[in-house]
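Novice: I would like the atomic coordinates for the input below:
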Amino acid sequence: MSFFQPDDQLQTQGQAILDQVWAQFPWLAPNQLALTWLVYDPPFITNTGGSVSPQEFWQYPVRGFSYRGVECIYPASVVKLFYLVAAHEWLETGMMQPSPELERAMEDMIVDSSNDATGLVMDMLTGTTSGPELPPEPFKTWQHQRNIVNRYFQSLDWPELSTMNANQKTWGDGPYGREQAFVGEDRANRNRLTTEATARLLHSMVGGVSVSAVRSQAMLNLMRRNLDPEVLAADPENQVTGFIGGGVPLDTQVWSKAGWTSTVRHDAAYIELPNRHPYLLVVFTEGKQASDNEQLIPFISAEVAKVIPQTPA
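Specialist: As a prediction, this is how the structure comes out:
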């Protein structure tokens, strides 16, 4: 059973948006897009500072629409949200000790999407390091340690996470040595996520029930995006231009994490429009043309924003 409730109105609106997407971007194949969209109705249970208990939160009905939401896709830097949650879980339970360098890496991993910072976070989460190839037995131990993040998320028993894989570092030029052996020549062991898995993780964060209320808020603080055009112009890799934040009005509040490579362009965002219901949108797109296109995801974002219900006075 999904964590959100399919809704006839959202189904109609979502299909209409998809029709508009393919009319506007006819080169986009049906299997190059996946999205999950949640709308929060009053009383709003998001961004409450943790005033809603986890038990109450997970019982609260949330309307949603999903298109290919269970398809496994390479997530690029969106996977860093999962590493962020794991890091806070490790810190909360004492499996990892806080340090200024870890805090710096966690911040840079999300705010700037630094791959170098992500590498340190992964090393500390798993007790492994990159390097030359290893003999069979040490490599088997190394692989087991690298899968600890996967084991944590499987322990949550969320059906949406059953097909995920989050055991690889993120790279600029690519993996070498034991990292290359681990991902495999055909990349069979590369990271993979679905838009529904990503949506549920983000849903738990904005609800204040990911690890703890305080830690959920700390994670959201790193994800907050500045939509000021001057700020965006000064940072070409701002995770707003060409992504979900690029399709909403400037007075919107956006918390997001984008992912972008030469073959994918993704974003996952929680959004609060002025005088509208809060909502959550995860969009994954595949293919070089989608990766290069800075209009596609903002177009989807803008079309979704148009149909968000007004907040009662």
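
Novice: The stretch 101-250 of the chain: helices as residue ranges?
Specialist: 115-126, 136-146, 148-155, 178-183, 195-206, 213-223, 229-233 (DSSP state H, counting those that start in this stretch).

Novice: any idea which of those helices is most buried?
Specialist: helix 195-206 (a mean of 26; mean count of other C-beta atoms under 10 Å). Any C-beta I mention is one placed from the backbone N, CA and C, and that applies to glycine too.

Novice: The helices of the stretch 101-250 of the chain into TSV, with extra columns for mean pLDDT and distance to Lys257?
Specialist: As requested, the helices of the stretch 101-250 of the chain are arranged in TSV below (pLDDT from 0 to 100; distance: least, C-beta to C-beta, whole Å):
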stretch	mean pLDDT	distance to Lys257
helix 115-126	98	12
helix 136-146	98	22
helix 148-155	98	16
helix 178-183	98	22
helix 195-206	98	8
helix 213-223	97	6
helix 229-233	95	16
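
Novice: wait, which of those helices is closest to Leu18?
Specialist: Of all these, helix 195-206 sits nearest to Leu18, with 13.4 Å by C-beta to C-beta.

Novice: picking up where we left off before, turn the helices of the stretch 101-250 of the chain into CSV, columns for distance to Arg104.
Specialist: Formatted as CSV, those follow (distance: least, C-beta to C-beta, whole Å):
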stretch, distance to Arg104
helix 115-126, 7
helix 136-146, 23
helix 148-155, 20
helix 178-183, 23
helix 195-206, 21
helix 213-223, 12
helix 229-233, 21
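
Novice: Thr261 is nearest to which of those helices?
Specialist: That would be helix 115-126 among the helices of the stretch 101-250 of the chain, by C-beta to C-beta, at 10.9 Å.

Novice: Which elements pack onto that closest one?
Specialist: Judged by 3 or more C-beta pairs under 8 Å, 6 or more residues apart in numbering; DSSP states H and E, the packing partners of helix 115-126 are helix 80-93, helix 100-111, helix 136-146, helix 148-155.

Novice: just to revisit the earlier point, which one of the helices of the stretch 101-250 of the chain lies closest to Glu303?
Specialist: Closest among the helices of the stretch 101-250 of the chain, using C-beta to C-beta: helix 195-206, at 16.5 Å.

Novice: Out of the helices of the stretch 101-250 of the chain, which is closest to Leu84?
Specialist: helix 213-223 (5.6 Å).

Novice: Tabulate the helices and strands packed on helix 115-126 in TSV, adding columns for distance to Glu303.
Specialist: Converted to TSV, the helices and strands packed on helix 115-126 look like this (distance: least, C-beta to C-beta, whole Å):
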stretch	distance to Glu303
helix 80-93	24
helix 100-111	27
helix 136-146	40
helix 148-155	31
